[in-house]
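Enquirer: requesting a structural model of the entry that follows:
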Amino acid sequence: MNIKKGDNIIIIAGKDRGKKGKVARALPKENKVIVEGVNLYKKHRRAKTTNDKGSVSEIPMPMHVSNVKKVD
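Expert: Predicted coordinates for the structure are as follows:
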């Protein structure tokens, strides 16, 4: 795997095609990377107490290395 943490990349396949970003984390055993601000997943969180409110937060999910390309 040639892509490391901190590399600037461009997405070449999938719903976020054409977007650029920075690699936040590399998972070489799974051949996946997590890119900041790309491939976001909405996580619904339940209120823990009666006074709290539930929320929807966006979490970046891993994507396969074959869907990204390094940018110089």
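Enquirer: and Ser55, what does it touch?
Expert: 44-45 (C-beta atoms under 8 Å, 6 or more residues apart in numbering). In short, each C-beta sits where N, CA and C put it, glycine included.
Enquirer: repeat that with 6 Å
Expert: Neighbouring residues of Ser55 by C-beta atoms under 6 Å, 6 or more residues apart in numbering: Arg45.
Enquirer: I'd like the distance between it and Val68.
Expert: Using C-beta to C-beta, to the nearest Å, Ser55 is found at 29 Å from Val68.
Enquirer: equivalent analysis for Arg46, please.
Expert: 33 Å.
Enquirer: got it, and Tyr41?
Expert: 17 Å.
Enquirer: which of those two has more neighbours?
Expert: Each of Tyr41 and Val68 has its neighbours counted (other C-beta atoms under 10 Å); Val68 has more, 23 against 9.
Enquirer: tell me the pLDDT of the more buried one.
Expert: On pLDDT, Val68 comes in at 95.
Enquirer: isn't it up against Ile9?
Expert: Yes: applying C-beta atoms under 6 Å, one finds Val68 in contact with Ile9, separated by 4.5 Å.
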